[in-house]
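**Q** sequence? don't have it. structure:
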């Protein structure tokens with residue numbers, strides 16, 4: 001599969017449509033949500049989230065939950081503790097009242113999430129061994145030699161689209177206008193707690209059977225730990241007044 005967090009580049013052009021037509025949150029979260037079954041399981045296993053039925057009973061509701069979690073728990077604490085270069089670009093989004101927006105525009109959000117999900121599945125269909133196009137058109141499985149490596153075409157598409165998508169996302173962030181909102185001092189305790197949570201989760205996983213030689217599972221566990229830390233860190237800091 002292409003790296004999960006390269007997927008939003010496929011839907012970002014839709015953000016130029018009138019705001020009443022699309023939800024940027026819905027598009028972005030929808031574009032990554034099919035891979036969250038991996039992160040919930042903490043292993044490279046997806047039985048439902050990449051299926052048509054799973055789109056509606058798993059991906060869609062999970063995306064809505066994730067959107068509320070991000071905007072109500074993760075967003076402000078994360079944006080306040082980004083480097084100044086990023087703070088000036090993202091701080092303006094702290095003013096966005098997601099809860100009120102969702103009440104008035106939930107249909108737009110749902111449609112945007114679905115667009116994001118299907119963009120993810122379409123991308124995977126060209127770059128995954130069990131993808132729709134890969135299974136139906138044999139040339140996707142043809143082996144090509146590149147720099148001494150022998151890779152099927154779909155793998156080459158997977159790796160190249162991941163890199164290009166990631167670079168395009170970095171360019172989008174670079175080109176974002178810097179707002180006039182004053183930056184705030186980064187709370188180093190936020191990142192200390194964050195790193196401690198990630199380390200603790202990974203340690204527990206290693207002690208409970210995670211095979212560090214299976215790099216796919218290791219990467220998934222690392223991302224799972226990062227996501228959990230993004231949620232738990234602001235809650236712990238607020239609870240303990242760290």
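**A** That came in fine, so what should we check first? Just so it is clear, the model here is predicted, and its values are computed rather than measured.
**Q** tell me the pLDDT at the residue lying farthest from the centre of the chain?
**A** The centre of the chain is farthest from one residue, residue 148, which by Cα atoms, centre = their mean lies 32.1 Å away. Confidence at residue 148, expressed as pLDDT, is 83.
**Q** repeat for residue 84
**A** 92.
**Q** which non-adjacent residue is nearest it?
**A** residue 183 (4.6 Å; Cβ to Cβ, 6 or more residues apart in numbering). C-betas here are computed from N, CA, C, even on glycine.
**Q** residues in contact with residue 116?
**A** 7-8, 11, 26-33, 63 (Cβ atoms under 8 Å, 6 or more residues apart in numbering).
**Q** Ramachandran angles for residue 145?
**A** phi -90, psi 130 (degrees, to the nearest 10).
**Q** should've said residue 17
**A** For residue 17, the backbone dihedrals are phi -70, psi 160 (criterion: degrees, to the nearest 10).
**Q** How about residue 130?
**A** Per degrees, to the nearest 10, the backbone of residue 130 is at phi -100, psi 10.
**Q** Which positions within the longest helix seen in the chain qualify as buried?
**A** Ordering each helix of the chain by length in residues (DSSP state H) puts helix 98-127 first. In terms of neighbour count (16 or more other Cβ atoms under 10 Å), helix 98-127 has its buried residues at 98, 101-102, 105, 108-121, 123-127.
**Q** helices or strands up against whichever helix or strand comes after it?
**A** Using DSSP states H and E, the helix or strand that follows helix 98-127 towards the C-terminus is helix 132-136. If you count contacts as 3 or more Cβ pairs under 8 Å, 6 or more residues apart in numbering; DSSP states H and E, helix 132-136 packs onto helix 98-127.
**Q** measure residue 216 to residue 193 for me?
**A** Distance, residue 216 to residue 193, using Cβ to Cβ, to the nearest Å: 28 Å.
**Q** quick one, which of these two is more surrounded?
**A** residue 193 (20 against 11; other Cβ atoms under 10 Å).
**Q** That one is in what secondary structure piece?
**A** Counting by DSSP H and E, residue 193 is part of helix 188-207.
**Q** Name the next helix or strand following that helix along the chain.
**A** Criterion used, DSSP H and E; the element after helix 188-207 is helix 215-240.
**Q** Could you check that following helix and say which residues are buried?
**A** 217-218, 220-225, 227-234, 236-237.
**Q** got it, and stretch 199-210?
**A** Buried-residue list, stretch 199-210, by 16+ other Cβ under 10 Å: 201-202, 205, 210.
**Q** and those residues as a markdown table, adding pLDDT and distance to residue 42?
**A** Shown next, in a markdown table, are those (pLDDT from 0 to 100; distance: Cβ to Cβ, whole Å):
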| residue | pLDDT | distance to residue 42 |
| --- | --- | --- |
| 201 | 98 | 9 |
| 202 | 97 | 10 |
| 205 | 96 | 7 |
| 210 | 91 | 8 |
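**Q** Now the two most distant members of those.
**A** Farthest apart among the buried residues of stretch 199-210 by Cβ to Cβ are 201 and 210. That separation is 10.4 Å.
**Q** Give me the below-cutoff pLDDT ranges for this protein.
**A** Applying pLDDT under 70 to the chain flags residues 1-2, 242.
**Q** switch to 80 and redo it
**A** In the predicted model, the chain carries pLDDT under 80 at residues 1-2, 241-242.
**Q** if I look at residue 25, how far off is residue 209?
**A** 36 Å.
**Q** coming back round to it: give me the common contacts of residue 201 and residue 210.
**A** With Cβ under 8 Å, 6+ apart, residue 201 and residue 210 have common neighbours residue 221.
**Q** secondary structure element for residue 150?
**A** strand 149-152.
**Q** Note down every partner strand of that strand and its orientation.
**A** Strand 149-152 pairs in its sheet with strand 143-146 (antiparallel), by DSSP bridges.
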